[in-house]
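Q: sharing a model prediction with you, sequence too.
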Amino acid sequence: MGKIKQTKKFAAVKRMISKKDPSFKENAKKVEAKNKAVEADKKTEGKVVQATKIPSHMYFKYNSALGPPYHVLIDTNFINFSIQHKLDVFVSLMDCLLAKCTPYITDCVMAELEKLGPKYKVALQIAKDPRFERLPCSHKGTYADDCLVQRITQHKCYIVATCDRDLKRRIRKVPGVPIMYIAQHRYSIERFADVNAAPPV
């Protein structure tokens, strides 16, 4: 009998271990983490998770509990911009909201105005007007932005008047708090339910 001719297999490669093989330490760790996550999900499956209670006046897009006389929290730069645009704070507030308004100034805002020095003397004189209601601050420090954000998260009965972009961004994260600002030489308001108010520009 003749010899059987054995031909070489074309492109024969030795078997390689897959990168996803569980024998590797890294893959074993990943599998362990996955199993733990599945177990944790199983444990929390039957539990009742309590959601934060939302008041009924926050059911719609806007805060329906706000009504005249409006309480307006005023920021430091809002007074400065009002002076620059030659706007009377009290008259312009009434023109914007078409109702009686009570402007409020916190101790932090007053402290900031005092720190700004003689350049903002007029703004300080306006802030000391007896028609402005003063709100005492019990927290440490005199940073007005933190003070205002803290106040509106506790009590959603205020409209915040500010021209500060960073503060506006922070307030927008708190639902149901309207923001008043100055645009085109007049006061405008956003996130406000009353259709009679001046439209945002």
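A: All right, it came through fine.
Q: how about the secondary structure of Asp166?
A: Classification of Asp166 using DSSP: H, G, I helix; E, B strand; the rest coil returns helix.
Q: I'd like the numbering to begin with 35 instead of 1 from here.
A: Okay, using 35 as the starting number, the last item reads as Asp200.
Q: run through the residues that contact it.
A: Neighbour list for Asp200: Asp179 [criterion: CB atoms under 8 Å, 6 or more residues apart in numbering]. Every residue, glycine included, has its C-beta placed from N, CA and C.
Q: flag every buried residue along stretch 142-152.
A: Neighbour-count burial for stretch 142-152 flags Cys142, Val143, Met144, Ala145, Glu146, Leu147 (criterion: 16 or more other CB atoms under 10 Å).
Q: ignore the last one, stretch 214-223
A: Judged by neighbour count (16+ other CB under 10 Å), stretch 214-223 contains these buried residues: Met214, Tyr215, Ile216, Tyr221, Ser222, Ile223.
Q: and the pLDDT for the closest residue to Asp109 other than its chain neighbours?
A: Once flanking residues are discounted, Asp109 sits nearest to Thr196: 3.8 Å by CB to CB, 6 or more residues apart in numbering. What the model reports as pLDDT for Thr196 is 94.
Q: ok, now Lys95?
A: Confidence score, pLDDT, at Lys95: 67.
Q: on that earlier part again, the residue nearest to Asp109: how many residues sit nearby?
A: Counted with other CB atoms under 10 Å, residues neighbouring Thr196 total 24.
Q: got the contact list for it?
A: Listed by CB under 8 Å, 6+ apart, the contact set of Thr196 reads Asp109, Asn111, Phe112, Leu182, Lys202, Ile205, Ile213, Met214, Tyr215.
Q: how about Asp141, nearest residue that isn't a chain neighbour?
A: According to CB to CB, 6+ apart, the nearest residue to Asp141 is Cys171 (4.3 Å).
Q: err, Cys181, not the other one
A: In space, Cys181 is closest to Cys142, 4.1 Å off (CB to CB, 6+ apart).
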